[in-house]
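Asker: Sequence first, predicted coordinates after that:
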Amino acid sequence: MFPIEPEKRRWRDSTGFKMIAIGGLVLLLLIPLSMVDSLIEEREHRRTEAAAEVASTWGKCQLLGGPVLTVPYQQHTRGDDGKDYVSVHYARFLPADLRIAGKVLPEKRNRGIFEAVVYRADLHWTGSFQRPSFAAWKVAPQDVLWSGAYLSVGVPDLRGIRSAVAVHWNQRVLQFQPGGAEDGLWDSGLRVPVPDLAAGKEGDSYGFAFDLGLNGSRQLQFLPLGQQTTVALSSPWPSPSFNGAVLPESHHVTAQGFDASWSRSWFNRSYPQQWRQGEAKELASKEALECSAFGVELFLPVDSYQKTERSAKYGTLFLLLTFLTFFLYEVFSAVPLHPMQYLLVGAALCLFYLLLLSISEHVPFGIAYLVAAVATVLLIGGYSAAVLRGRMRALLMTLVLAVLYGYLYVLLQLEDYALLLGAVGLFLILALVMFLTRRIDWGSPRRARREALVTPE
């Protein structure tokens, strides 16, 4: 009798080859996934440009400073030629106390399919100044040019001012005028000359009050220029993001809006209450002032682009889990699958994110996710009915995908517990795969493994 030679094992039937082929397909499909990521960034950039266009016609982010009292004075110097020269310099004084109270009314504006948040702010400013003292700088009283003193307020985007601004100064009504740019403080603002300083005496206090109606977009911040600064804001916007150098001392946020209040002392900042213009870089630089700002941003909750970007980060994981499910079908059944079939399924998984991105630009994200997920699950489920040669197998594949997409949606809705739920989910998936494959002899051909799996012990 002739010896029976063992069946030669084809390299294409080996588990190693199949796993290498699946790994190569996953790497190949990273290319369209990266293209989807780039498309998401491009669309988000276009949304940012659209918001900037809305802001350019309505009002940009507003960082409000002031009021600041500026008083000119004369300085006498002797030149090398022995002659006396007189030059005019400026000293700046900050208010002894500053209180701002206001209401911020948000609006949503659209530019094409893109949405931007703008606001109308109605702010009431009150406070007081102490009569400026030049004693620390040894400036003679007759060298102080009280008639040139003026009050200035910094407003970055003057286009946002809705009406004329009248200030009540020491029981007199004055009218702010544009042209309040201050070197080292702000690039644009309002200015008004102030009377009565020359007739005053040391220790006098000058109260002020004015209302400022302002349009802006996205963010509203303030400079704490008072020796004691208090800001109180209220708004019907339900998603504020408090930012800047300090958080509010108290705030209350509900679905109907928020109330917040800040209180800052001059000890909480790096610049003094008064300085001369030549000392600004050392004592009160523009950077130091801006670093002390605080306020609120009308935050848009995680929008469709952010959620789509977060979902795309799970693209590789979805490829691996779906391919693993098909691979286990091959291991436990007599249905061989070609790499091309894996590739088509992977292409459908990548197309899900493109569908999600395009649909979410027109409908709420939840509806867009449902439509894209159902379309993808039905496409892969119908294809599985043919390639897996069985309705029950296709139904199980459809169920697996539905659970995965449902699991991803839950992760996208969570913020604080997303990492925890993601780690627990991956652990359970790995445990299930280890349990299902615990009896497989990975060294034998797939046909032999299938026969061993169906043979009772």
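Answerer: Everything's here; your move. In this text the structure is predicted, and so the values were computed from the model without any measurement. Numbering: from 1, shown residues only.
Asker: next one: phi and psi at Gly127?
Answerer: Phi and psi for Gly127, reported as degrees, to the nearest 10, are phi 160, psi -170.
Asker: for it, what are its contacts?
Answerer: Contacts for Gly127 were tallied using C-beta atoms under 8 Å, 6 or more residues apart in numbering; they are Pro67, Pro95, Ala96, Asp97, Leu98, Arg99, Gly207, Phe208, Ala209, Gly226. C-beta here means a position set from N, CA and C on the backbone, and glycine is covered the same way.
Asker: Mind giving me the PyMOL command for buried ones among those residues?
Answerer: Buried subset of the contacts of Gly127, written as a PyMOL selection, criterion 16 or more other C-beta atoms under 10 Å:
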select buried, resi 67+95+96+97+98+99+208+226
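Asker: Can you tell me which of the contacts of Gly127 lies closest to Ala394?
Answerer: Arg99 (69.1 Å; C-beta to C-beta).
Asker: three-state assignment of the closest one?
Answerer: Under DSSP: H, G, I helix; E, B strand; the rest coil, the three-state class of Arg99 is strand.
Asker: Spit out the contact partners of it.
Answerer: By C-beta under 8 Å, 6+ apart, the neighbours of Arg99 are Trp125, Thr126, Gly127, Gly226, Thr229, Thr230, Val231.
Asker: One more pass at 10 Å, please.
Answerer: Residues in contact with Arg99 (C-beta atoms under 10 Å, 6 or more residues apart in numbering) are 124-128, 209, 226, 228-232, 263.
Asker: Give me the buried subset of these.
Answerer: Buried, going by 16+ other C-beta under 10 Å: Trp125, Thr126, Gly127, Ser128, Gly226, Gln228, Thr229, Thr230, Val231, Ala232, Ser263, out of the contacts of Arg99.
Asker: could you dump these to TSV with distance to Val335?
Answerer: Shown next, in TSV, are these (distance: C-beta to C-beta, whole Å):
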residue	distance to Val335
Trp125	76
Thr126	79
Gly127	80
Ser128	85
Gly226	77
Gln228	77
Thr229	73
Thr230	73
Val231	69
Ala232	69
Ser263	71
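Asker: Mind picking the two most distant members of those residues?
Answerer: Among the buried ones among the contacts of Arg99, Ser128 and Ala232 lie farthest apart (C-beta to C-beta), at 17.8 Å.
Asker: tell me the centre residue of this protein?
Answerer: Phe299 (7.3 Å; C-alpha atoms, centre = their mean).
Asker: what sits against that one?
Answerer: Neighbours of Phe299 in contact, by C-beta under 10 Å, 6+ apart: Val117, Arg218, Gln219, Trp237, Pro238, Ser239, Pro240, Ser241, Phe242, Asn243.
Asker: out of the residues you listed, which are buried?
Answerer: Buried among the contacts of Phe299 (16+ other C-beta under 10 Å): Val117, Arg218, Gln219, Trp237, Ser239, Pro240, Phe242.
Asker: my guess is the third one contacts Val296, does it?
Answerer: Yes: in this structure, Gln219 sits in contact with Val296. The criterion is C-beta atoms under 10 Å, and the distance is 7.4 Å.
Asker: what residues are shared contacts of those two?
Answerer: In contact with both Gln219 and Val296: Tyr119, Ser241, Asn243, Gly244, using C-beta under 10 Å, 6+ apart.
Asker: Quick check: the first one vs Gly59, distance?
Answerer: With distances taken as C-beta to C-beta, to the nearest Å, Tyr119 is found 8 Å from Gly59.
Asker: any shared contact partners between those two?
Answerer: Gly160, Leu214, Asn215, Gly216, Ser217, Arg218.
Asker: closest to Pro32 among the residues you listed?
Answerer: For the shared contacts of Tyr119 and Gly59, the nearest to Pro32 is Arg218 (33.8 Å; C-beta to C-beta).
Asker: residue contacts, the closest one?
Answerer: With C-beta under 10 Å, 6+ apart, Arg218 has these contacts: 51, 54-55, 59-62, 106, 116-119, 241, 296-300.
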